[in-house]
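**Q** structure, please.
(one chain, ligands or ions: 2)
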Amino acid sequence: MKPADPADWVDEAARRYPERVFLKADTGRELSYTSLHDESGRFASALMRRGVRAGERVAAQVDKSAEAVLLYVACLRMGAVFVPINVANTPAEVDYFLRDSQPRIAILRPTDLASLEPLARRAQIPHIETLGTDGGGSLAELARQSGTEFPRSKSESADAPAAIVYTSGTTGRSKGAMLTRANLATNAAALIETWRFTGRDVLLHALPLFHVHGLCAAINTVLASASGLVLLPKFDAALALKHLPQATVYMGVPTHYTRLLRLPKLNREAVAGMRLFISGSAPLLAQTHREFLQRTGHAILERYGMTEALMITSNPCDGARVPGSVGTPLPGIAVRVANSETGAVETAVDVVGTLEVKGPNVFAGYWRDADKTRGEFTADGWFKTGDLGRIDSAGYVHIVGRAKDLVISGGYNVYPKEVEAELDAVPGVLESAVFGVPHPDFGEGVSAAVVLKSGAALSETELIEVLRTRLAAYKVPKRVVFVDELPRNAIGKVQKKALRAAFRSLYRPN
Ligand code: MLC
Ligand code: AMP
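**A** Residues are numbered from 1 along each chain as shown. Ligands and ions are numbered 1, 2, ... in the order given. Sure thing, here's the model as predicted:
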């Protein structure tokens, strides 16, 4: 059966289960599927009153709230392209996203209006509105004054983009991944099947809404299965633990699980009503898997995904959840291993190479960057993930590393190139290398080795402070070490492996 278009998820659920609770916020706010239909309709009407039409971009840098979810749902229903922006991004970063995505409207936090409006004006964005939490902001006001019905365009093509999600790249410049309606629809259907979502499920949502984990894997799966959502403003281990009794499913990054494990009250009783714990976005240590099982009786289900391909593989609900493996490809999706040097496809089991993926989950390309898009696909149309892995005899995928120079900190991707460019621009810095080493909380800690120009006197704190004005806080190195020279190989390439080995214990007191 063809999966329903995202525009129909809400109509369908509101028609069949009008009274069912869609969302409960920790503030006590509650939305039934009928209210979701009506309130998202008002947001769609409000956007249309600002001239937004199907296919046009709606950029949003807003705090997580029920209203932020309504805005996203409104975009899905009217065929507008949702462009979420991380709230941690600095004005310099936001400036780039606004100029690059060319939205019809930018929606900002009320507190950011004064600092960001000039940027949005310079980017020639026709409309700028604000959205606060708990009903604040000019867009929420406009929605209140708008009707619940809006003119529906003819059904959108399945290949039309539904969202552009920015992801940094090895070149240092972020690229917008265009996710189509079919990407969203088929991935939600595959996850419902694999994770056995039903209308009786309630997902405890503590992830940000500006990445595919919290937006697509979480919200879309709930919408497409007409299940429920308990929405927390952000991850806080104690708050999450408090709300677990209202939920049946939890999705998180490994840092969520290690932080939950630090709470003495996490035990079998605390998770008595839970059906499933899911982890992704970064490697889950087998040790975390084991500890969680011991404390709660739940084997965390690990899955693997990326912005350009949504969710790709998953361990099963029924069947072996193998610690250290990300499971098998989701229904309709194929994964293969290619030789990292030659690109030749490896057919033998357990051979390590670059993982490639093909299926209806794979994005339509990078926004306004056809060259970059071409470079990420093989000649026979497979998407090159840049992850290194092997497939075992049972068909389970094991990720063993990355071909791409990337640090994953607390589930956020940090591309060293972007951080190095900012470090190298600081007067007094000769050159730098950014790398990741084990970090007890974030999995990997973003770290920098810096060579100063002769005579320059810069401290670690000073460098970190400069970077904080340029980059989102999660990208800023937690530690900067000064070295006389960077380790290089015979052809002059910086040896990150040597840096990782030398500074392996940077965050581990010996
Ligand atoms: C916050 N900080 C981080 C950080 N998150 N630093 C490094 N890495 C991170 N991930 C900074 C804060 O700005 C703050 O800086 C300091 O660290 C301490 O903050 P905190 O209060 O401890 O952080 P917290 O707000 O609790 O955030 C931690 C977190 C969050 C793990 C809850 O990072 C998070 O929600 N991560 C999930 C990311 C995610 O959704 N990824 C999915 C990508 S999609 P200071 O110095 O100002 O105090 C994807 C595809 C897929 O990957 O497969 O899913
Ligand atoms: P992003 O580009 O932010 O969407 O991040 C995608 C990347 O996160 C992938 O290419 C992987 O490197 C990594 N990733 C996602 N899930 C997992 C996982 N379960 N285990 C290891 N790495 C993961």
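**Q** where are the low-confidence patches of the chain?
**A** For the chain, applying pLDDT under 70 flags the ranges 154-155, 170, 172, 509-510.
**Q** quick check: residues of it near ligand 2?
**A** 167, 212, 280-283, 302, 304-307, 326, 385, 387, 399, 402, 408, 413 (CB under 6 Å from any ligand atom). Just so you know, the C-beta spots here come from the backbone N, C-alpha and C atoms, and that holds for glycine as well.
**Q** those in strands, which ones?
**A** Filtering the residues of the chain next to ligand 2 for membership in strands, criterion DSSP state E, returns 167, 302, 304-306, 385, 387, 399, 402, 408, 413.
**Q** for residue 104, which non-adjacent residue is spatially closest?
**A** Excluding its sequence neighbours, the residue lying closest to residue 104 (CB to CB, 6 or more residues apart in numbering) is residue 56, at 4.2 Å.
**Q** right, I mislabeled it, should have said residue 225
**A** Beyond its immediate neighbours in the sequence, the residue positioned closest to residue 225 (CB to CB, 6+ apart) is residue 197, lying 4.0 Å away.
**Q** contacts only, for the one you found.
**A** The contact partners of residue 197, by CB atoms under 8 Å, 6 or more residues apart in numbering, come to 191, 221-222, 225, 227, 249.
**Q** redo that, cut-off 7 Å
**A** 221, 225, 227 (CB atoms under 7 Å, 6 or more residues apart in numbering).
**Q** what distance do you get for it to residue 235?
**A** Residue 197 sits 21 Å away from residue 235, going by CB to CB, to the nearest Å.
**Q** residue 386 now?
**A** 26 Å.
**Q** now do residue 145
**A** 34 Å.
**Q** between those two, who's got more neighbours?
**A** Relative neighbour count places residue 235 above the other of residue 145 and residue 235, with 20 against 10, counting by other CB atoms under 10 Å.
**Q** over to that one. Which of the three states is it?
**A** Here residue 235 takes the coil state, with states given by DSSP: H, G, I helix; E, B strand; the rest coil.
**Q** wait, isn't it in contact with residue 258?
**A** No - with contacts defined as CB atoms under 7 Å, residue 235 does not count as touching residue 258, sitting 11.7 Å away.
**Q** now render the ones in strands among the residues of the chain next to ligand 2 as a markdown table, adding distance to residue 129 and neighbour count.
**A** As requested, those are arranged in a markdown table below (distance: CB to CB, whole Å; neighbours: other CB atoms under 10 Å):
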| residue | distance to residue 129 | neighbour count |
| --- | --- | --- |
| 167 | 26 | 17 |
| 302 | 39 | 26 |
| 304 | 37 | 27 |
| 305 | 31 | 25 |
| 306 | 31 | 23 |
| 385 | 37 | 23 |
| 387 | 38 | 21 |
| 399 | 41 | 19 |
| 402 | 39 | 17 |
| 408 | 34 | 19 |
| 413 | 29 | 19 |
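**Q** so which of those reach ligand 1?
**A** Applying CB under 6 Å from any ligand atom to these, one finds that 305-306 fall near ligand 1.
**Q** mind listing what the residue lying closest to residue 204 once chain neighbours are set aside touches?
**A** Taking CB to CB, 6+ apart, and ignoring the residues beside it in sequence, residue 204 has residue 247 as its nearest neighbour in space, at 3.8 Å. Taking CB under 7 Å, 6+ apart as the contact definition, residue 247 lies against 202-204, 230, 274.
**Q** quick one: neighbours of the nearest residue to residue 160 once chain neighbours are set aside, just the number.
**A** If the residues on either side of it in the chain are set aside, residue 160 comes closest to residue 181, at 5.7 Å by CB to CB, 6+ apart. The number of residues packed around residue 181, counting by other CB under 10 Å, is 22.
**Q** same thing with residue 267?
**A** Neighbour count for residue 267, taken as other CB under 10 Å: 12.
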